[in-house]
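K.L.:
fold the following for me, if possible:
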Amino acid sequence: MSTNQNYNPDELESLEWLNPKFFTEVLIQYENAPDLKLNDLKLSPASAQGDHYASVMFRASVEYSTVKGNISKSLIVKTMSDQGGQKKRMVNDSHIFQTEIAMYTELLPKFEGILRDAGVECKLFVPCIYHSLRPRQVLIFEDLVAQGYQVIRNRSATLDELRSALEKLAKWHAVSHKLLKEQPELFEELQYNISTLPNFLNQSFITNALPNFIYMLAELEGLKKYKHYFEAMRGNLIQQWADTLGEYRKSPQENSYYVLCHGDFHIRNLMFKNSSCMLLDFQLSHVGPLVNDFLYAMYMLFSAEDRGKRRDELINYYLEVFANTLKKIGYRGKAPSFEEFQRQMIDKRHNEFMLLTTFLPMQISARKNAIDPFRRRTSMYKDKDYQEEVAYLLERMNNLGYFVDIQNSIKS
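P.N.:
Numbers count the residues shown, from 1 in each chain. From the prediction side, this is the model:
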């Protein structure tokens, strides 16, 4: 295994059970070939540091033979870390693997089938060739890198890449929106989002984010005027954000558009090939408000320029694909207009406040430093690019009325 510092520490040594016996059994099942013989196995880390957080991933290069001849494949193994620490404590008792297995084996194939029957060609996911919850939580996929796909790491996504990603998200959302109306029981297993990960809301990078953000506002002359709004959120922003994510299950609203949210739609969970994209990592998929996934993408996928100059253009593109897909698959209800979508974004503003104060500084830090941003929390708020964008975003929020209710509560 590699010792390169660019990889996640818990992926530098392969797990003991990832051995020739295990892969032989997997390949026999996959190929339906009892006579299969594994000739060679090489393991290496499958992702760069910061690409993902909840699990570990290895690349397995296998060579094997059957009665059909010799075959070489590159596979991706996704499983739980054997190391202890914060990551294992957070995800060991979660439902992330159950969720992802349900996505790969039930929901995503169904979505693709509905789109295909409507004449809409859309590949949403790479095939999962093996999955198990016991004795270990593990999924194995075909390797997209071997097919020419790449993760974007050292640059922002181009406009064509963003449109490709939003197109797939909109089609996915459209199918799930229709199915939620017709067959809500299909989504019963998908009740868990990022805020329901064990002890996640008590992690220091979550609890310290708003105080760090408020301190930054107080230190900058042009941002002091917003400090009292965020002071008013102390003690309740995290829970209001969690409530927004879990709204469909706990307190569904009549005026909300609900879909199956990807739940973690950021730049490292997409792979691109000639501006065409493939979606990855469905461990946090859950039913929630339609705007939530778009807001998350806006902060974790878009560049600063996209969040600024192209925001409305990209919203309109997403909404156009969403509405057209609903029509093609035979849904007779209405799709949200741009104005209604904007109102929904304001209604779910605690989601955006959380993204602005907590997730955006980590995203900017990760893009610049290629390190684990969870370990450099305070310094992230001193980043000039982050501070300049906060000034721009807060002004826009203020102009759109994000702080009206907060201002009224402060006055009363």
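K.L.:
quick check: end-to-end length of stretch 330-345?
P.N.:
End-to-end distance for stretch 330-345: 26 Å, by CA to CA, to the nearest Å.
K.L.:
so how far is that stretch from its chain's centroid?
P.N.:
How far stretch 330-345 lies from its chain's middle: 23 Å, per CA atoms, centre = their mean, to the nearest Å.
K.L.:
quick one: residues contacting Arg259.
P.N.:
Just so we're on the same page, residue 259 is Val rather than Arg. 172-174, 176-177, 180, 287-290, 293 (CB atoms under 8 Å, 6 or more residues apart in numbering). For glycine as for every other residue, the C-beta is placed from the backbone atoms N, C-alpha and C.
K.L.:
now these as CSV including neighbour count and secondary structure?
P.N.:
Shown next, in CSV, are these (neighbours: other CB atoms under 10 Å; DSSP: H, G, I helix; E, B strand; the rest coil):
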residue, neighbour count, secondary structure
Trp172, 27, helix
His173, 26, helix
Ala174, 28, helix
Ser176, 24, helix
His177, 21, helix
Leu180, 17, helix
Val287, 22, strand
Gly288, 24, strand
Pro289, 24, strand
Leu290, 25, helix
Asp293, 24, helix
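K.L.:
closest one of those residues to Thr66?
P.N.:
Trp172 (35.7 Å; CB to CB).
K.L.:
the closest one and Ser65, how far apart?
P.N.:
Noted for Trp172: a distance of 39 Å to Ser65, by CB to CB, to the nearest Å.
K.L.:
for the contacts of Val259, give me JSON lines that also has distance to Gly148 and pLDDT.
P.N.:
As requested, the contacts of Val259 are arranged in JSON lines below (distance: CB to CB, whole Å; pLDDT from 0 to 100):
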{"residue": "Trp172", "distance to Gly148": "23", "pLDDT": "97"}
{"residue": "His173", "distance to Gly148": "27", "pLDDT": "98"}
{"residue": "Ala174", "distance to Gly148": "28", "pLDDT": "98"}
{"residue": "Ser176", "distance to Gly148": "29", "pLDDT": "98"}
{"residue": "His177", "distance to Gly148": "32", "pLDDT": "98"}
{"residue": "Leu180", "distance to Gly148": "35", "pLDDT": "97"}
{"residue": "Val287", "distance to Gly148": "33", "pLDDT": "98"}
{"residue": "Gly288", "distance to Gly148": "33", "pLDDT": "97"}
{"residue": "Pro289", "distance to Gly148": "35", "pLDDT": "97"}
{"residue": "Leu290", "distance to Gly148": "32", "pLDDT": "95"}
{"residue": "Asp293", "distance to Gly148": "26", "pLDDT": "97"}
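K.L.:
now the farthest one out in this structure, which residue is it?
P.N.:
Most distant residue from the mean C-alpha position of the chain: Val67, 41.2 Å away (CA atoms, centre = their mean).
K.L.:
assign a three-state SS to the residue lying closest to it once chain neighbours are set aside, would you?
P.N.:
Closest residue in space to Val67, ignoring its immediate chain neighbours: Asp35 at 6.1 Å, by CB to CB, 6 or more residues apart in numbering. Following DSSP: H, G, I helix; E, B strand; the rest coil, Asp35 is assigned to coil.
K.L.:
low-confidence ranges in the stretch 201-350 of the chain?
P.N.:
Applying pLDDT under 70 to the stretch 201-350 of the chain picks out no residues at all.
K.L.:
and the strands in it?
P.N.:
For the stretch 201-350 of the chain, applying DSSP state E, counting those that start in this stretch gives strands covering 258-261, 270-273, 276-279, 286-289.
K.L.:
figure out which of those strands is closest to Leu210.
P.N.:
Nearest to Leu210, of all the strands of the stretch 201-350 of the chain, is strand 286-289, at 21.8 Å by CB to CB.
K.L.:
partners of the closest one in the sheet?
P.N.:
strand 258-261 (antiparallel) (DSSP bridges).
K.L.:
give me the domain ranges for this structure.
P.N.:
Following the assignment in automatic domain parsing, the chain carries domains at 9-86, 96-125+150-411.
K.L.:
in which helix or strand would I find Lys368?
P.N.:
Take DSSP states H and E as the rule and Lys368 turns out to sit in helix 360-369.
K.L.:
for that helix, name the packing helices and strands.
P.N.:
Counting contacts by 3 or more CB pairs under 8 Å, 6 or more residues apart in numbering; DSSP states H and E, helix 360-369 packs against helix 290-300, helix 377-380, helix 384-400.
K.L.:
comparing those, which comes out most buried?
P.N.:
Stretch with highest mean neighbour count among the helices and strands packed on helix 360-369: helix 290-300 (a mean of 23; mean count of other CB atoms under 10 Å).
K.L.:
export that one as PDB, just CAs?
P.N.:
The C-alpha trace of helix 290-300 is given here as PDB (Å, rounded to 0.1, in the frame of the first residue of the first chain):
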ATOM      1  CA  LEU A 290     -36.300  20.400  -3.000                       C
ATOM      2  CA  VAL A 291     -34.300  23.600  -2.400                       C
ATOM      3  CA  ASN A 292     -32.000  21.900   0.200                       C
ATOM      4  CA  ASP A 293     -29.900  20.000  -2.400                       C
ATOM      5  CA  PHE A 294     -29.600  23.100  -4.600                       C
ATOM      6  CA  LEU A 295     -28.500  25.300  -1.600                       C
ATOM      7  CA  TYR A 296     -25.900  22.600  -0.700                       C
ATOM      8  CA  ALA A 297     -24.700  22.500  -4.300                       C
ATOM      9  CA  MET A 298     -24.500  26.300  -4.400                       C
ATOM     10  CA  TYR A 299     -22.100  26.400  -1.400                       C
ATOM     11  CA  MET A 300     -20.200  23.100  -1.900                       C
END
